[in-house]
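*Asks:* next come a sequence and a model predicted from it.
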Amino acid sequence: MYTLTNHTENVYDLVVTSDEQVLFSASADYDIRVWNMTRQPPECMYTLTDHTTLVFALAISPDDTRLYSGSSHNEGIFIWDITQMPPVKIEKIPVDSFVLDLFLAPGRLYGACTDGTVRMWSLATFPPTFRRTMSKHTGGAHALTMDTNATRLFSAGSDSTVKEWSVCW
C-alpha cells in the first residue's frame, strides 16, 4: 500500500486509465495530478494547473483519449487530450454553476451541478454540443450513475433525494 501525498488540499475525485498505468487526482488545490502507477511507489509525473478554482470531478473516456474535469465558481468543464504526456487542455465547456460530478455514457457527458441541475452534452461532435438541462433537485446535485442499459440516469442531491431520469435525446 502507498500513500500519494503531492496535493496540498482535499482530494475530491480519482480516475484511472483502462490499462491502470495512469491515475488522475482532482483537488481543492486547483490542480490535477497525473500519477505513474507503474512505478513502485507511484510517482507524480505532471501537475495540470490550468484550473483557477477547486477541481471537484473527473471522468475519462473509455478509449483513454480524453479527460474531463469539472470545477467550481462557474469555471466549467475542461477537456484534456491524454494521448500525449503531459496532457494538453483542448477545450472548455462553459457551465454557470459548480460541477460536482461528471459521468460519461455512450456518446454523452453528464454533469451534476450545485444549482440542482443535471446537464447533458452530446459527444458526437467536437466540441461537445449542449443538449439539455434536467432540473429537479431543490439543492445541489452531487453524484451521478447510470444503469447498465444506459437508459436511466440517477442523481443524488443535497435535498436528501435520488432522482431517476429517463435518458433520451
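*Replies:* Happy to help now that I have it.

*Asks:* out of all residues in this structure, which is the farthest from the middle?
*Replies:* When each C-alpha in the chain is compared with the mean C-alpha position (Cα atoms, centre = their mean), residue 40 comes out farthest, at 26.7 Å.

*Asks:* pLDDT at that residue, what is it?
*Replies:* As summarised for this prediction, residue 40 has a pLDDT of 93.

*Asks:* could you find the closest non-adjacent residue to it?
*Replies:* Distance criterion Cβ to Cβ, 6 or more residues apart in numbering; nearest residue to residue 40, sequence neighbours excluded, is residue 2 at 7.8 Å. Where C-beta positions appear, they are placed from N, C-alpha and C, glycine not excepted.

*Asks:* for the nearest residue to residue 87 once chain neighbours are set aside, give me its contacts.
*Replies:* Nearest in space to residue 87, with sequence neighbours left out and distances taken as Cβ to Cβ, 6+ apart, is residue 80 at 4.3 Å. Applying Cβ atoms under 8 Å, 6 or more residues apart in numbering to residue 80 gives the contacts 32, 48, 66, 67, 68, 69, 87, 88, 89, 90.

*Asks:* so the fourth one sits right up against residue 82, yeah?
*Replies:* The one in question is residue 67. Yes: counting by Cβ atoms under 8 Å, residue 67 touches residue 82, with 4.9 Å between them.

*Asks:* what helix or strand does the residue nearest the centre of the chain sit in?
*Replies:* In the chain, the C-alpha nearest the mean C-alpha coordinate belongs to residue 58, at 2.6 Å (Cα atoms, centre = their mean). Using DSSP states H and E, residue 58 maps to strand 55-60.

*Asks:* just checking, what packs against that strand?
*Replies:* Judged by 3 or more Cβ pairs under 8 Å, 6 or more residues apart in numbering; DSSP states H and E, strand 55-60 is in contact with strand 11-16, strand 22-27, strand 66-71, strand 99-105, strand 108-113.
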